[in-house]
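[1] Just the structure for this:
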Amino acid sequence: MASDFDDLMLSLSFEGDNGEEQLVPLVDGQDGSANANELKDGDVVSVLPLKNMVLFPDVLLPVTLSRPKSMKLAEHAYKSEEIIGVFTQTDANVDEPQAEHLHPWGTAARVLRIFEVPDGSMMAILEATQRIVMEEYVALRPQRRVRIKPIPESMPGKRDKNFQALATNIKEQALFIIDHAANLPPEAKLMLKNINTPDVLINYICVNFKFPLEDKLQLLHTDDLLYRGETLLQLLVKEAEMQRTRAAIQEKAEEKMNKEHREYFLHHQLEAIQKELGETDNERLKALRERAEKKNWPEHAKTAFDETMKKVERESSHSSDYQLDVTYLETMLDLPWNEYTEDNYDIPKAKKVLDEDHYGMEKVKERIIEYLAVLKQTQIANTKDTKAPILCLYGPPGVGKTSLGKSIATALGRKYARVSLGGLHDEAEIRGHRRTYIGAMPGRIISNIKKVQSSNPVFVLDEIDKIGADYKGDPTSALLEVLDPEQNSTFHDNYLDVDYDLSKVLFVATANSLESIPRPLLDRMELIEMTGYLQEEKEEIAKRHLMPKCLNNNGLKATDLKISKKIMGEIIDHYTRESGVRNLERQIATICRKVVTKIALEEEYNKSLTLEDVETYLGKPKFNRDMWENNNYYGVVTGLAWTSVGGEILFIETSLSKAKSPTLTLTGNLGDVMKESATIALGYIKAHAEQLGIAQKDIETHSVHLHVPEGAIPKDGPSAGITMTTAMVSAFTKRKVRPRIAMTGEMTLRGKVLPIGGVKEKILAAKRSGITDIILCEDNRKDVEEIPEMYVTGLTFHYVKDIDEVLQFALLKK
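    Numbers count the residues shown, from 1 in each chain. From the prediction side, this is the model:
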């Protein structure tokens, strides 16, 4: 802030030879030693009088000279390298000072450089060398000349700890003053920081800080540098304290004035607005009372409202709590206490809505229909306190978890609320802030209930697996009460400070993974897995939903662009690799934009999309699926794998090489489970070599190398057990594998085949890849029977119980 020390520093710059502003440095090499041109007792020097300035040894000082005699002296001293005496005038108003007008104490100095200034004056750079005292005048003309006596300084040793500590304190205080003074050049602070010699530091501050002239002369008069430093520190501390006091006084004054002006302005503005609206404080409170009388709220909420209303009626409208309490009352009135929308009990209609909005997802839709049926039955039986289920839909991104929540609301005829919990880390976001805090408000649960104006909405808690926690609390702990059917009938929001019934709210949480959700929270929810869509399902979704949506968004009619099922399959296969359909929608939207552009440019285009058009619009294919190749090689078997984006086929390749000490080498970025499966396979072969027709000598003299292509992709899981065993037996026996066959299943060390998961996805991947025969565990028969007939047409399934059945069917005879 501004103070008397805004101009404490003298100008530290001058115009150099190159015309740029340059910082005047300290004397190079100053370390407190005597100058080479040191004066002696009785020497005579010319006098350069200064106004309001005191020069100290070891410091450079730029001085503006305007008196002809002074300019002439400076020019002569510069050319002749003569040492002059610099003395301070006792009266700055005297233009031609005589002996009585000069302080007897001064400084010997050299004129290092002189510069002519456009206004006719002269700038001289003086280098102080030592302190001197004036003994007598010798001449007045043509220049003032005096006889002087040099005064040495008493300086502590370089390693004096007290002196070093004193210099550190002086520098800290000086830097503080510079930081809090306005209109000072940034070079001043930089130069001060770079001074490391205590005596130079003390003299530099004495010159450049504008202390009272008497104090500066007293400092110059002091012989002992330690005492001079102590005196200087006292002056700096005094000024620093003055600055602190001024700053505190001004800050308090400004804060008080700002607050008073703001409150005055707001009160008058509020009164003017109320006057224009014909509304006064009494009328406002009366309106709140009338609204409260119409509310059908529970007794505890009515009691809390009445108590706060009585408090408000006693308060002044200008008090700080008045508006906070009125806002609280308005929030209480805005909430839909005991207000519910009527559920749609038309079960067939609700089922139709769900089927139209979402293709597939049979388990989820079945659970919603069951809930509706239960609601309808309890309505008929007049059963009270029916609690809504807490659903958690989990699965990969883009499969429709969030949009399904909106469809559920439409099917039930309820209001829809949604809150994203991703990145949430403050418990108050769920429970609300206590009204003791400025800016307090209800939590997101109550805020959304207020927004939808219904106490039984479908409430989607999106990204529940991405909640964080820090010093502000753990939001997942607050959700334990929200998502517990036995507790949420008395949910306590810190802002309301009364219980609110959430038991009729249908909460639908969504998550990509269950691993980051705490176990107590998982235990309160009914988990429903939403796996990725199959290719056939994606084709149907694109036909029913994505195409109409993209055509409409781009202003196209159904006749302007048609994409056949085959072409859509190519787009899905070669331009997307995802569990959901988000990227598929982007690809379709890209094609629509290309078509719109051609229409705008009046160019010809195919209204029925072709493969050539796809490559033109979307570029070269980005992905390629593996296809069955042939069975010309020993030791190569086609396996089936499940991924988050659907099923895939993979090739298990085995080769043998002679070795004195046989080893098993596994490559292809395999996980621990797959490595164990390979070890089990080789162990089984060694134990049953004779039964499998393998010579023991071959096993003892050959190393086995098993590889799964596409090594950049991590692979793991137990379902490749029988595939690895078949590949190794094929390599050892030189028997080729039956054409167009694929297999999947886990194998034990004794050769038993175990069931696996992801059967539907694996079967569809095999069908797309040209496979005709699939070997599965007998226990997976029930999984195949649940798959619609359209997906398994053209496939033959072979169910097995042990590895012997697998090898007997899969391997051809020699």
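
[2] can we go C-alpha only for contacts and neighbour counts from here?
    OK.

[3] what's the spacing between V364 and L354?
    From V364 across to L354, the span is 10 Å (CA to CA, to the nearest Å).

[4] Between these two, tell me which one has more neighbours.
    Just comparing V364 and L354: by other CA atoms under 10 Å the higher neighbour count belongs to L354, 26 against 19.

[5] and that one, what does it touch?
    Residues in contact with L354, defined by CA atoms under 8 Å, 6 or more residues apart in numbering, are 365, 407-408, 411.

[6] Measure how buried E515 is and give me the count.
    Neighbour count of E515, defined by other CA under 10 Å: 10.

[7] Identify the residue nearest it in space, chain neighbours excluded?
    With CA to CA, 6 or more residues apart in numbering as the criterion, E515 has its nearest non-adjacent residue at 7.9 Å, and that residue is D465.

[8] next one: H300
    Nearest to H300 is V498, by CA to CA, 6+ apart, at 7.2 Å.

[9] Please apply the same query to L506.
    Nearest to L506 is V458, by CA to CA, 6+ apart, at 4.8 Å.

[10] What's opposite that neighbour in the beta bridge?
    The partner list for V458 in beta bridges (DSSP bridges) reads Y416, L506.

[11] Could you check the pLDDT of it?
    You'll see V458 listed with a pLDDT of 91.

[12] if we can go back for a sec, which residues does the residue nearest to H300 contact?
    The contact partners of V498, by CA under 8 Å, 6+ apart, come to 300-301, 304, 492.

[13] The residue nearest to E515: what's it in contact with?
    With contact taken as CA under 8 Å, 6+ apart, D465 is in contact with 422, 510-517.

[14] Go again with 7 Å.
    511-514, 516-517 (CA atoms under 7 Å, 6 or more residues apart in numbering).

[15] okay, it: pLDDT?
    Predicted confidence (pLDDT) for D465: 88.

[16] Helix, strand, or coil at it?
    Following DSSP: H, G, I helix; E, B strand; the rest coil, D465 is assigned to helix.

[17] measure it to A659 for me?
    Noted for D465: a distance of 52 Å to A659, by CA to CA.

[18] Just give the number of residues close to A240.
    Residues within reach of A240, counting by other CA under 10 Å, total 20.

[19] start at 13 instead
    With 13 as the first residue, the last one maps to A252.

[20] Averaged pLDDT, the helix or strand harbouring it. What do you get?
    Here A252 sits within helix 237-289, counting by DSSP states H and E. For helix 237-289, mean pLDDT is 76.

[21] Remind me what it packs against, helices and strands.
    In terms of contacts (3 or more CA pairs under 7 Å, 6 or more residues apart in numbering; DSSP states H and E), helix 237-289 is packed against helix 173-191.

[22] Compute the inter-axis angle for the following helix or strand past the helix it packs on and helix 173-191.
    The first helix or strand that comes after helix 173-191 along the chain, using DSSP H and E, is helix 198-205. For helix 198-205 against helix 173-191, the angle by axes from the mean of the first three to the mean of the last three CA atoms, to 10 degrees is 170 degrees.

[23] Just the CA coordinates for the next helix or strand after helix 198-205, please, in PDB.
    The element immediately downstream of helix 198-205 (helix or strand, assigned by DSSP H and E) is helix 210-220. What follows is helix 210-220, C-alpha atoms only, in PDB (Å, rounded to 0.1, in the frame of the first residue of the first chain):
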ATOM      1  CA  PRO A 210      28.000  -6.600   5.300                       C
ATOM      2  CA  ASP A 211      29.800  -3.200   5.200                       C
ATOM      3  CA  VAL A 212      28.800  -2.600   1.600                       C
ATOM      4  CA  LEU A 213      25.200  -3.600   2.500                       C
ATOM      5  CA  ILE A 214      25.100  -1.100   5.300                       C
ATOM      6  CA  ASN A 215      26.500   1.800   3.300                       C
ATOM      7  CA  TYR A 216      24.300   1.000   0.300                       C
ATOM      8  CA  ILE A 217      21.100   1.100   2.400                       C
ATOM      9  CA  CYS A 218      22.300   4.300   4.100                       C
ATOM     10  CA  VAL A 219      22.700   6.000   0.700                       C
ATOM     11  CA  ASN A 220      19.600   4.700  -1.100                       C
END
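
[24] Tell me the helix or strand right after helix 210-220.
    Downstream of helix 210-220 (by DSSP H and E), the next one is helix 225-233.

[25] Now do that next one: distance to the chain's middle.
    Distance of helix 225-233 from the chain centroid (CA atoms, centre = their mean, to the nearest Å) equals 58 Å.

[26] for stretch 131-151, same thing?
    Worked out by CA atoms, centre = their mean, stretch 131-151 lies 64 Å from the chain centre.

[27] Could you give me the buried positions within that stretch?
    Going by neighbour count (16 or more other CA atoms under 10 Å), the buried part of stretch 131-151 is 134-146, 149.

[28] a markdown table for the residues you listed, including secondary structure and distance to H719?
    A markdown table is the format used below for the buried residues of stretch 131-151 (DSSP: H, G, I helix; E, B strand; the rest coil; distance: CA to CA, whole Å):
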| residue | secondary structure | distance to H719 |
| --- | --- | --- |
| M134 | strand | 90 |
| M135 | strand | 86 |
| A136 | strand | 87 |
| I137 | strand | 84 |
| L138 | strand | 85 |
| E139 | strand | 84 |
| A140 | strand | 86 |
| T141 | strand | 87 |
| Q142 | strand | 89 |
| R143 | strand | 91 |
| I144 | strand | 95 |
| V145 | strand | 98 |
| M146 | strand | 101 |
| Y149 | strand | 107 |
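
[29] out of the contacts of D477, which is most surrounded?
    Counting neighbours by other CA under 10 Å, A523 leads these with 24 neighbours.

[30] low-scoring stretches of the stretch 663-812 of the chain, by residue?
    In the predicted model, the stretch 663-812 of the chain carries pLDDT under 70 at residues 723-724.

[31] Break down it into its helices, ranges please.
    For the stretch 663-812 of the chain, the helices defined by DSSP state H, counting those that start in this stretch cover 684-699, 701-704, 708-713, 733-745, 771-780, 793-797, 801-804.

[32] Most tightly packed of those helices?
    The highest average neighbour count among the helices of the stretch 663-812 of the chain, using mean count of other CA atoms under 10 Å, belongs to helix 733-745 at a mean of 26.

[33] can I get the CA coordinates of it in PDB?
    Provided in PDB are the C-alpha atoms of helix 733-745 (Å, rounded to 0.1, in the frame of the first residue of the first chain):
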ATOM      1  CA  GLY A 733      -7.100 -75.500 -21.300                       C
ATOM      2  CA  ILE A 734      -8.400 -78.100 -23.700                       C
ATOM      3  CA  THR A 735      -7.200 -76.000 -26.700                       C
ATOM      4  CA  MET A 736      -3.600 -76.000 -25.500                       C
ATOM      5  CA  THR A 737      -3.700 -79.700 -24.800                       C
ATOM      6  CA  THR A 738      -5.100 -80.500 -28.300                       C
ATOM      7  CA  ALA A 739      -2.400 -78.300 -29.900                       C
ATOM      8  CA  MET A 740       0.500 -80.000 -28.000                       C
ATOM      9  CA  VAL A 741      -0.900 -83.500 -28.800                       C
ATOM     10  CA  SER A 742      -1.200 -82.500 -32.400                       C
ATOM     11  CA  ALA A 743       2.400 -81.400 -32.500                       C
ATOM     12  CA  PHE A 744       3.700 -84.600 -30.800                       C
ATOM     13  CA  THR A 745       1.600 -87.000 -32.800                       C
END
